[in-house]
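[1] coords below, sequence missing:
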């Protein structure tokens, strides 16, 4: 059973990495493509390349941060919990992509993992409860703190930055806005590569350790693992989930290139700093969407589509409980075989 779970888990981990790149690519390229700062092809290629650079940074500069906020048993039960969490996360990402709604792969994975471990704890397969203070921090920061900070900063910065450019030539302002949008796309992609790279490396390493094999991240990330994760993220990014891009750039809110540049700059800065300064995962989807919302609200005319925004917020609120419930159900279904 352990061998089967390990093989299935590794396949799901690779699928999770590819789907993650596919699902989150619009966070970086939606606004630059809409403002014609980048073409769609150039945008996804740039995002894929910078994601690879982020994975490299996670593997060789920030390898000590390959952490997760839930204690996973290093045995067959741990393998089963990770498999259940991965299956739940991949399904949730594909479902929200089909709906065209930005959602957090970060909180989906944590929710599925915590739910699976809670299910195991309920039937005596897991000795300790996964509901630790660290687990709450790992969920609350990407789900609540980072989006609130991104929205607030973008809202506050939009007006003073606009006043600084009130006497500037229209063409100059447009050029600067497109330059910031393109640079911000690279920053968002780099932060995404760091955070999702180290998380994917942790998933692969946990599955191998649960199977009794050496950890590929102990004492530095193994080159084959870094290359595998980088290839998976880059492949997914090249396909780009344009349904979500349309929601971010047009459906949820109508935003001009200047305010789009403010939003992209705020999101890129937070994700870059979050990926390199603090060992807590941020959600690229929710941080970027919140920054777009904050900057877009600083316009004289009504720009927010309340119906779409409500759907986005409902999906954010349901991600952890739904993924947690599904993860628990899957683990309980597997429990007689463990």
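    It's in. Because the structure is predicted, anything quoted here is derived from the model rather than measured. Numbers count the residues shown, from 1 in each chain.
[2] Point out where the stretch 151-300 of the chain drops to low pLDDT.
    Applying pLDDT under 70 to the stretch 151-300 of the chain flags residues 279.
[3] let's see it at 90
    Judged by pLDDT under 90, the stretch 151-300 of the chain has its weakly predicted residues at 158-177, 184, 191, 194-199, 201-202, 212-223, 238-260, 268-285, 296-300.
[4] Distance from the longest helix anywhere in the chain to the middle of the chain?
    Identified as the longest helix of the chain according to DSSP state H is helix 170-210. Here the centre of mass of C-alpha atoms in helix 170-210, compared against the chain's by C-alpha atoms, centre = their mean, to the nearest Å, lies 9 Å away.
[5] Remind me what it packs against, helices and strands.
    Contacting helix 170-210 under the criterion 3 or more C-beta pairs under 8 Å, 6 or more residues apart in numbering; DSSP states H and E are the following elements: helix 2-34, helix 40-60, helix 76-99, helix 105-122, helix 223-239, helix 257-276, helix 284-296. The way it works is simple: take the backbone N, C-alpha and C, and place the C-beta from them, glycine included.
[6] Mind putting those helices into CSV with mean neighbour count and distance to residue 196?
    Rendered in CSV, the data for the helices and strands packed on helix 170-210 read as follows (neighbours: other C-beta atoms under 10 Å; distance: least, C-beta to C-beta, whole Å):
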stretch, mean neighbour count, distance to residue 196
helix 2-34, 24, 5
helix 40-60, 21, 8
helix 76-99, 24, 11
helix 105-122, 27, 7
helix 223-239, 21, 6
helix 257-276, 25, 10
helix 284-296, 30, 8
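[7] Please name whichever of these is nearest to residue 210.
    Counting by C-beta to C-beta, residue 210 lies closest to helix 76-99 out of the helices and strands packed on helix 170-210; the figure is 4.2 Å.
[8] for the closest one, what is the average pLDDT?
    Per-residue pLDDT values over helix 76-99 give a mean of 94.
[9] For stretch 60-68, the averaged confidence score.
    Averaged across stretch 60-68, pLDDT comes to 61.
[10] repeat for stretch 123-139
    The pLDDT scores in stretch 123-139 average 83.
[11] what angle do the longest helix of the chain and helix 76-99 make?
    Counting by axes from the mean of the first three to the mean of the last three C-alpha atoms, to 10 degrees, helix 170-210 points 150 degrees away from the direction of helix 76-99.
[12] Tell me how many other residues crowd residue 309.
    Counted with other C-beta atoms under 10 Å, the neighbours of residue 309 add up to 16.
[13] Give the helix, strand or coil label for it.
    At residue 309, secondary structure determined by DSSP: H, G, I helix; E, B strand; the rest coil is helix.
[14] looking at it, it is touching residue 296, isn't it?
    No - applying C-beta atoms under 8 Å, one finds residue 309 not in contact with residue 296, separated by 10.2 Å.
[15] Need the overlap of contacts for those two.
    Taking C-beta atoms under 8 Å, 6 or more residues apart in numbering as the contact rule, residue 309 and residue 296 both touch residue 253.
[16] Any figure for the gap between residue 238 and residue 44?
    Plainly put, residue 238 is 5 Å away from residue 44 if you go by C-beta to C-beta, to the nearest Å.
[17] residues in contact with residue 17?
    For residue 17, the contact set (C-beta under 8 Å, 6+ apart) comprises 196, 200, 228-229, 232-233, 236.
[18] Same list (those residues) but as TSV, adding distance to residue 274.
    Written out in TSV, the entries for the contacts of residue 17 read as follows (distance: C-beta to C-beta, whole Å):
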residue	distance to residue 274
196	12
200	17
228	24
229	19
232	22
233	17
236	21
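[19] what's the closest of the residues you listed to residue 75?
    In terms of C-beta to C-beta, no member of those lies closer to residue 75 than residue 200, at 21.7 Å.
[20] what's the closest non-adjacent residue to residue 117?
    residue 130 (3.8 Å; C-beta to C-beta, 6 or more residues apart in numbering).
[21] Check residue 187 too.
    Nearest non-adjacent residue to residue 187, counting by C-beta to C-beta, 6+ apart: residue 268, 3.0 Å away.
[22] same deal with residue 286?
    With C-beta to C-beta, 6+ apart, the residue lying closest to residue 286 is residue 147, at 4.5 Å.
[23] For residue 8, see how far away residue 318 is.
    Relative to residue 8, residue 318 is positioned 26 Å away (criterion: C-beta to C-beta).
[24] returning to that earlier point: turn the helices and strands packed on helix 170-210 into CSV, columns for distance to residue 134.
    Output for the helices and strands packed on helix 170-210, formatted as CSV (distance: least, C-beta to C-beta, whole Å):
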stretch, distance to residue 134
helix 2-34, 22
helix 40-60, 19
helix 76-99, 16
helix 105-122, 11
helix 223-239, 23
helix 257-276, 17
helix 284-296, 20
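[25] Mind checking these for the one nearest to residue 161?
    Where the helices and strands packed on helix 170-210 are weighed against each other on C-beta to C-beta, the nearest is helix 257-276, at 5.9 Å.
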